[in-house]
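>>> My questions concern the predicted model and sequence given below.
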Amino acid sequence: MADPGNAPHGPSFVPLIVVAVLVVVAIAVFLLTRASPAAPAVTTATGDGKKALTIAVIPKGTTHEFWKSVHAGARKAEQELTAGGQKLTVIWKGPLKEDDRAGQIDVVENFTQQGVSGILLAPLDHQALVKPVEDAIARTIPVVIFDSGLKSDRQASFVATNNFKGGQLGGQRLGEVLGGMGKVILLRYQEGSASTEEREKGFLDAIGKFPGISLISTDQHAGATSAAALTVSQNLLNRFKDEVTGIFTPNESSTAGMIIALRDAGLTAKVKHVGFDASAPLIAALKTGAVSGLVVQDPFDMGYRGVLTLVKAIKGQAVDKQVDTNVALVTPENIGTPAMMELLNPPLDKYLK
């Protein structure tokens, strides 16, 4: 028989314990429910009442001159906005090489977890980056896509060159310098890259208007680096060196690799080459006649307008769904004009210290 001295005091002791536990659980659930899974944006109030914003700019890679120009443009926007009273921090981070899809996905996901105010992204793959981008948007982080498209309509805006038009410029130029006759190679860049795929389509559209020109190779991909492009270019020239008269390459690294391969094979004088993008070696090749034309974007303006567009989106202001940046054809004949000199020489040193 139990000792009555050890019995609970009063018949309601156990029910009271149960009620207390339920209250604690209910409070915990309430607090967890209020803590939304969406991480808050990294913003802090400034002295004038404006929020200090932190945005992530994520390029496809960090080695090509193109991305350095984008970075400089983003810094210009950061400085101007800060000078105007909008405190802004731009974080620049991307994969080293332009074939590191997994690495770029990790970067996007990490910034999403940090709760940055917004993301400006040049997706390496138009499909693989859809989920991480839409996950960020679901956590109330605005995303602006730049340079290369994404198979989604949920981003705030798309800031880019008209890549199809750029490809057309390249195809028209190659057709003209060949006199409308010849056998041509299209060395593609990399599967899944929306920007270069559009350039390749534009090139094929334009070159197809020259009935005297035939395509002898269109199915090879240069890969993400100049070294990879050099190897593929050498293989193509070994196979077609006796018949090829013209070549189009759709980005900086594929153009650089092909320039070296043509030089090493002694084919520079024989084969007309039109490329895409600009860097010091590409411009030097243009000046010597090793390249007959370069289709050039304005990556500095792309970075600048990308940041301005993203900040507007973060503030809830209306932005254009697509922002078309400049594209131009640079040739040995027009490279010395003021417009082309300005386009080819963005102020990198001023903004990338």
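Great, that's in hand. Residues are numbered from 1 along each chain as shown.
>>> Model confidence at S195, what's the number?
Reported pLDDT at S195 in the predicted model: 94.
>>> buried residues in the helix or strand harbouring it?
Assigned by DSSP states H and E, S195 belongs to helix 194-207. Residues A194, S195, T196, E197, E198, R199, E200, G202, F203, L204, A206, I207 are the ones in helix 194-207 that count as buried (16 or more other Cβ atoms under 10 Å). The way it works is simple: take the backbone N, C-alpha and C, and place the C-beta from them, glycine included.
>>> ok, the following helix or strand past that helix: who's next to it in the sheet?
Later in the chain than helix 194-207, the nearest helix or strand by DSSP H and E is strand 213-221. In the sheet, strand 213-221 lines up against strand 182-188 (parallel) (DSSP bridges).
>>> what does the average pLDDT come to for the strand it pairs with?
Within the predicted structure, the mean pLDDT of strand 182-188 is 98.
>>> could you give the angle of that strand to helix 194-207?
170 degrees (axes from the mean of the first three to the mean of the last three Cα atoms, to 10 degrees).
>>> Mind listing residues that contact strand 182-188?
When contacts are defined by Cβ atoms under 8 Å, 6 or more residues apart in numbering, strand 182-188 is touched by residues 174, 178, 196-197, 200, 203-204, 207, 212-222, 229, 232-233, 236, 240, 243-250, 254, 258, 272.
>>> now stretch 242-250
167, 170-171, 174, 177-178, 181-189, 196, 199-200, 203, 207, 213, 216, 222, 229, 236-237, 255, 257-258, 262, 267, 270-276.
>>> what helix or strand does G170 sit in?
Counting by DSSP H and E, the element that carries G170 is helix 163-177.
>>> orientation of that helix relative to strand 182-188 in degrees?
Computed with the same axes, to 10 degrees, the direction of helix 163-177 lies at 150 degrees from that of strand 182-188.
>>> Show the buried residues in the contacts of strand 182-188.
Members of the contacts of strand 182-188 that pass the buried threshold by neighbour count (16+ other Cβ under 10 Å) are listed as 174, 178, 196-197, 200, 203-204, 207, 213, 216-217, 220-222, 229, 232-233, 236, 240, 244-250, 254, 258, 272.
>>> Spell out for me which residue occupies the centre of this structure.
Centre of the chain computed as the mean C-alpha position; nearest residue by Cα atoms, centre = their mean is A122, 1.9 Å away.
>>> Not counting its neighbours along the chain, what's nearest that one?
With Cβ to Cβ, 6 or more residues apart in numbering as the criterion, A122 has its nearest non-adjacent residue at 4.0 Å, and that residue is D147.
>>> Show the end-to-end separation of stretch 172-188, please.
Using Cα to Cα, to the nearest Å, the gap from the first to the last residue of stretch 172-188 comes to 17 Å.
>>> just stretch 155-173 next, same as before
Using Cα to Cα, one end of stretch 155-173 lies 34 Å from the other.
>>> And for stretch 139-158?
According to Cα to Cα, stretch 139-158 extends 20 Å from its N-terminal end residue to its C-terminal end residue.
>>> mean confidence score for that stretch?
Here the mean pLDDT over stretch 139-158 is 97, rounded to a whole number.
>>> ditto for stretch 85-102
For stretch 85-102, mean pLDDT is 95.
>>> can you check stretch 264-281 too?
When pLDDT is averaged along stretch 264-281, the result is 96.
>>> okay, now the domains of the chain?
Domain segmentation of the chain under automatic domain parsing yields 43-161+299-325, 163-297.
>>> Can you add distance to D349 and give the ones you listed back as TSV?
As requested, the domains of the chain are arranged in TSV below (distance: least, Cβ to Cβ, whole Å):
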stretch	distance to D349
domain 43-161+299-325	9
domain 163-297	14
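>>> Relative to K350, which of these is closest?
Across the domains of the chain, K350 has its closest neighbour in domain 43-161+299-325 (7.5 Å, Cβ to Cβ).
>>> Disregarding flanking residues, what is the spatial nearest neighbour of K312?
Residue nearest to K312 in three dimensions, not counting chain neighbours: V319, with 5.0 Å by Cβ to Cβ, 6+ apart.
>>> What distance do you get for that neighbour to E134?
18 Å (Cβ to Cβ, to the nearest Å).
>>> I'd like the distance from the helix holding G170 to the chain centre, please.
The chain centroid and the centroid of helix 163-177 are separated by 22 Å under Cα atoms, centre = their mean, to the nearest Å.
>>> mean confidence for it?
Along helix 163-177, the predicted confidence averages to a pLDDT of 98.
>>> what packs against that helix?
Other helices and strands packing on helix 163-177, by 3 or more Cβ pairs under 8 Å, 6 or more residues apart in numbering; DSSP states H and E, are helix 194-207, strand 246-248, strand 272-276, strand 293-297, strand 327-330.
>>> Just give the strands next to the third one in its sheet, each with its orientation.
Looking back up the chat, that one is strand 272-276. When sheet partners are counted by DSSP bridges, strand 272-276 sits next to strand 246-248 (parallel), strand 293-297 (parallel).
>>> circling back to that earlier point, residues touching the helix holding S195, excluding its own?
With contact meaning Cβ under 8 Å, 6+ apart, helix 194-207 is reached by 123, 126, 147-150, 160-161, 163-172, 174-175, 184, 186, 188-190, 213, 215, 218, 248, 250-251, 276, 295.
>>> Can you flag the buried ones in these?
123, 126, 147-150, 160-161, 163-172, 174-175, 184, 186, 188-190, 213, 248, 250-251, 276, 295.
>>> circling back: right, and the helices and strands packed on helix 163-177 - which one's nearest P346?
Proximity of the helices and strands packed on helix 163-177 to P346 was assessed by Cβ to Cβ; the nearest stretch is strand 293-297, lying at 11.0 Å.
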